[in-house]
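Engineer: here are the coordinates; sequence isn't available:
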Ligand SMILES: [Ca+2]
Ligand SMILES: [Ca+2]
């Protein structure tokens with residue numbers, strides 16, 4: 001409970017040494033601790049994310065009040081500098097991940113924690129980035145529930161993320177290089193004051209860490225991550241594609257599959273031809289998954305995408321704009337070897 005935590009902080013600030021609760025065998029995370037004993041209260045605990053050996057066990061703050069059972073919080077100050085998602089960071093070194101709230105509640109629990117230790121400006125990058133260059137999404141709430149920001153913006157939490165529902169910020173403007181952290185500034189209460197994308201990015205050496213198992217803890221429709229179409233860039237981002245593993249010698253499917261993510265770009269505004277942006281294709285190695293991945297068959301060349309979020313368009317003075325509404329489609333595309341493009345074969349709007 002919070003009182004216990006405050007008592008602990010007061011004791012520490014008075015110079016009284018208090019031993020935080022230590023278990024004989026350190027759990028890997030706060031979630032593991034909570035699963036072992038559901039009555040475990042919020043507080044400072046010793047965990048060992050990489051198990052026996054490797055890093056020494058260390059103290060973290062466990063928030064046991066969230067719906068996302070057992071949030072692990074660890075604040076890094078003056079750690080490794082990171083300005084893009086592929087940089088190493090001090091969370092990774094500890095077997096943790098840079099904090100990325102999946103929900104408004106996650107954000108708020110972290111905010112409460114940082115307020116309680118007087119570090120509300122130390123949220124750090126919050127794990128939000130975009131795998132493609134320059135998707136300007138000004139004046140749209142930055143969270144994955146909102147259509148205007150789904151297109152490309154993502155986070156280290158994977159399927160869902162939430163940093164703000166404000167729609168009065170004229171950023172991110174699109175002057176952005178893929179993979180860099182979105183720059184975020186906070187007010188005294190730990191709420192978002194401003195964010196900005198900038199070429200060259202924002203670097204951070206103080207940031208909050210969370211444990212890996214906090215990312216897939218809430219099982220709702222977040223398990224089914226949709227592909228999304230960006231009207232402005234004419235890109236179709238596919239977060240999960242299941243590809244059959246082929247035997248190296250025979251070229252025949254082994255029966256196993258691998259998960260990839262990738263982006264297709266529509267060749268011309270009016271055609272149904274999409275080329276694969278090969279630089280965007282990456283093997284998913286962090287264990288994340290979706291209950292509704294796209295699938296591809298090498299036999300038939302058919303790429304089948306069960307859910308695609310498409311923004312409805314609003315026309316104004318001959319120009320078209322993304323509106324905040326989304327319609328969901330399913331589609332199949334086939335690979336045309338000669339032209340080296342995917343061609344849309346069937347597309348159907350889902351109810
Ligand atoms: Ca260890
Ligand atoms: Ca900007």
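Structural biologist: Received, thanks. In this text the structure is predicted, and so the values were computed from the model without any measurement. Numbering: from 1, shown residues only. Ligands and ions are numbered 1, 2, ... in the order given.
Engineer: correct me, but residue 307 touches residue 228?
Structural biologist: No - proximity of residue 307 to residue 228 does not meet the contact threshold set by CB atoms under 8 Å, at 9.2 Å. Using the backbone N, CA and C atoms, a C-beta is placed for each residue, glycine as well.
Engineer: Who has more neighbours out of these two?
Structural biologist: For the pair residue 307 and residue 228, the greater number of neighbours falls to residue 228 (24 against 17), based on other CB atoms under 10 Å.
Engineer: where in the protein is pLDDT low?
Structural biologist: Using pLDDT under 70 as the threshold, the predicted model of the chain has low-confidence ranges 1-24, 67-68, 122, 134-135, 147-151, 216-222, 314-324.
Engineer: can you map out the helices along it?
Structural biologist: Counting by DSSP state H, one finds helices in the chain at the ranges 2-13, 30-36, 90-93, 104-116, 147-150.
Engineer: of all of the stretch 101-250 of the chain, which residue lies closest to ligand 1?
Structural biologist: Proximity to ligand 1, evaluated over the stretch 101-250 of the chain using CB to the ion, is greatest for residue 211 at 13.5 Å.
Engineer: now do the stretch 251-351 of the chain
Structural biologist: Taking CB to the ion, the stretch 251-351 of the chain has residue 287 as its residue nearest ligand 1, at 19.2 Å.
Engineer: Tally up the residues packed near residue 125, please.
Structural biologist: Burial of residue 125 is recorded as 27 neighbouring residues (other CB under 10 Å).
Engineer: Now do the contacts for it.
Structural biologist: If a contact means CB atoms under 8 Å, 6 or more residues apart in numbering, then residue 125 has 82, 98, 181, 182, 184, 202, 204, 207 as its contacts.
Engineer: With adjacent residues omitted, what lies nearest to residue 257?
Structural biologist: Leaving aside its sequence neighbours, residue 257 sits nearest to residue 242 (CB to CB, 6 or more residues apart in numbering; 4.7 Å).
Engineer: residues from the stretch 151-300 of the chain in reach of ligand 2?
Structural biologist: With the criterion set to CB under 5 Å from the ion, the stretch 151-300 of the chain comes near ligand 2 through 171, 173, 175, 196, 197.
Engineer: Let's see that with 6 Å instead.
Structural biologist: Proximity of the stretch 151-300 of the chain to ligand 2 is confined to 171, 172, 173, 175, 196, 197, 198 under the rule CB under 6 Å from the ion.
Engineer: does the residue nearest to residue 257 really touch residue 294, like I thought?
Structural biologist: Yes - counting by CB under 8 Å, residue 242 sits close enough to residue 294 to count as a contact (7.0 Å).
Engineer: In contact with the residue lying closest to residue 155 once chain neighbours are set aside, which residues?
Structural biologist: Counting by CB to CB, 6+ apart, the nearest residue to residue 155 once its immediate chain neighbours are dropped is residue 161, at 3.7 Å. Residues near residue 161 by CB under 8 Å, 6+ apart: 100, 101, 102, 127, 128, 143, 144, 154, 155.
Engineer: Any chance of the residues you listed in CSV with neighbour count and distance to residue 247 as columns?
Structural biologist: Output for the contacts of residue 161, formatted as CSV (neighbours: other CB atoms under 10 Å; distance: CB to CB, whole Å):
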residue, neighbour count, distance to residue 247
100, 26, 37
101, 28, 42
102, 25, 38
127, 26, 37
128, 28, 39
143, 23, 43
144, 24, 37
154, 25, 33
155, 28, 36
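Engineer: Now tabulate the residues you listed in CSV and tack on distance to ligand 1.
Structural biologist: Conversion of the contacts of residue 161 to CSV gives the following (distance: CB to the ion, whole Å):
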residue, distance to ligand 1
100, 24
101, 26
102, 26
127, 24
128, 29
143, 34
144, 33
154, 30
155, 27
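Engineer: Please produce TSV containing those, extended by distance to residue 41.
Structural biologist: Written out in TSV, the entries for the contacts of residue 161 read as follows (distance: CB to CB, whole Å):
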residue	distance to residue 41
100	25
101	22
102	23
127	27
128	31
143	30
144	31
154	34
155	29
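Engineer: in the stretch 51-200 of the chain, which spans are strands?
Structural biologist: 58-63, 71-76, 97-98, 128-129, 154-155, 183-186, 192-196 (DSSP state E, counting those that start in this stretch).
Engineer: Now tell me what touches the fifth one from outside.
Structural biologist: Which is strand 154-155. With CB under 8 Å, 6+ apart as the contact definition, strand 154-155 has outside contacts at 100, 126, 127, 128, 129, 130, 131, 144, 161, 239.
Engineer: and the two most separated of these?
Structural biologist: Distance extremes for the contacts of strand 154-155: the farthest pair is 126 and 239 at 19.0 Å, using CB to CB.
Engineer: For these two, indicate the residue with more neighbours.
Structural biologist: Ranked by neighbour count (other CB under 10 Å), residue 126 and residue 239 place residue 126 first, with 29 against 24.
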